[in-house]
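J.: Kindly return the folded structure for what I paste below:
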Amino acid sequence: MKWIYQQEKLNIEALDTLLVYAVFGIIIGARLGHCLFYDPEYYLNNPIKILAIWEGGLASHGGGLGVIIATALYAKKHQVNLLWLLDRLAIATALFGFFVRAANFVNSEILGVPSQVSWAIVFQRIDNIPRHPVQLYEAFSYLLIFVVLIAIYKASNKTPSRKEKKSTQDNVVETHGRYLGTFLILVFTARFIIEFFKEKQAVYAADFAISTGQMLSLPFFIVGIVLVVRAMRSNNV
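T.: Just a heads-up that it's a prediction; the model follows:
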């Protein structure tokens, strides 16, 4: 984000406050997401346990919603266009996702289904069963998405010629949401596919055809489609 702000000649000090909002949004959202999306019966019967974050349990979908809400509060207070800000945060979040899933791999969290493929890994903290390293599948998917978003950002923000400047300025507000939409489409397509190789995490979803993670990914994917189509139509006006 600092690099992006430097590219656009913006006040880097503003990122300090944004970071505080984002951290609180991610942690609170991810915790509530885990409690309400993956094991609601237990946590509704034991609400004090919602605070026991040290026992583990954070959901990325909840974290996504949390940071969006926190960013909206920040944008309103500091009079920043929300979609413009979310566009840029989406780029950084893709890289953030890579490190989160790499940490999940190191900590033997979010296990894959048993497999006999040559690259299967035994997570000895859990059991002696070879499994798909789904954490790495996701981590490298997010890293690739980060590279794609950076490439799109650089191509879209190259210095325009004098003739291009006016049309670029006229359309800049209308095309907000392009990076965020692309992020949502790519991330949640990857997430939906990789979920087939994961052990189901939600207590109530054992007999469902798709996992809770896949069900939660669909609304994000649809929002991404809407944002990209909106940006494309606006750009063609």
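
J.: how about Pro114, phi and psi?
T.: Backbone geometry at Pro114, expressed as degrees, to the nearest 10, gives phi -60, psi 140.

J.: Is it correct that Ile210 falls within a helix?
T.: No: Ile210 is assigned coil when assessed by DSSP: H, G, I helix; E, B strand; the rest coil, not a helix.

J.: lowest-pLDDT helix or strand in the protein?
T.: helix 162-171 (a mean of 46; mean pLDDT, DSSP states H and E).

J.: Now do the next helix or strand after that one: everything it contacts.
T.: Next in sequence after helix 162-171, counting helices and strands by DSSP states H and E, comes helix 178-194. With CB atoms under 8 Å, 6 or more residues apart in numbering as the contact definition, helix 178-194 has outside contacts at 83, 86-91, 93-94, 97, 134, 137-138, 141-142, 145, 148-149, 152-153, 156, 213-214, 217-218, 220-221, 223-228, 230-231. No exception for glycine: its C-beta is placed from N, CA and C like everyone else's.

J.: Please parse this protein into its domains.
T.: Annotated domains of the chain cover 1-80, 85-237 [automatic domain parsing].

J.: Now the weakest link among those, please, by mean pLDDT.
T.: Lowest mean pLDDT within the domains of the chain: domain 85-237, at a mean of 84.

J.: chain center to it, what's the gap?
T.: Centroid displacement of domain 85-237 relative to its chain, using CA atoms, centre = their mean, to the nearest Å, is 6 Å.

J.: try stretch 39-51
T.: 25 Å.

J.: Strands along this protein, start to end?
T.: For the chain, applying DSSP state E gives strands covering 121-122, 130-131.

J.: so of the ones you listed, which one's packed in deepest?
T.: Ranked by mean neighbour count, the strands of the chain are led by strand 130-131 with a mean of 19 (mean count of other CB atoms under 10 Å).

J.: Could you identify the buried members of the contacts of helix 178-194?
T.: Using 16 or more other CB atoms under 10 Å as the burial test, the contacts of helix 178-194 include 83, 86-91, 93-94, 97, 134, 137-138, 141-142, 145, 149, 153, 213-214, 217, 220-221, 223-224, 227-228, 230-231 as buried.

J.: Okay, and which of those residues map to helices?
T.: Judged by DSSP state H, helices contain the following of the buried ones among the contacts of helix 178-194: 83, 86-91, 93-94, 97, 134, 137-138, 141-142, 145, 149, 153, 213-214, 217, 220-221, 223-224, 227-228, 230-231.

J.: quick one: contacts of stretch 134-147?
T.: Applying CB under 8 Å, 6+ apart, the set of residues contacting stretch 134-147 from outside is 91, 94-95, 97-102, 104-105, 109-112, 183, 186-187, 190-191, 194, 197-198.

J.: so how far is Gly33 from the closest residue to Ile26 other than its chain neighbours?
T.: Nearest residue to Ile26 in three dimensions, chain neighbours excluded: Gly63, at 4.5 Å (CB to CB, 6 or more residues apart in numbering). Taking CB to CB, to the nearest Å as the measure, Gly63 falls 6 Å from Gly33.
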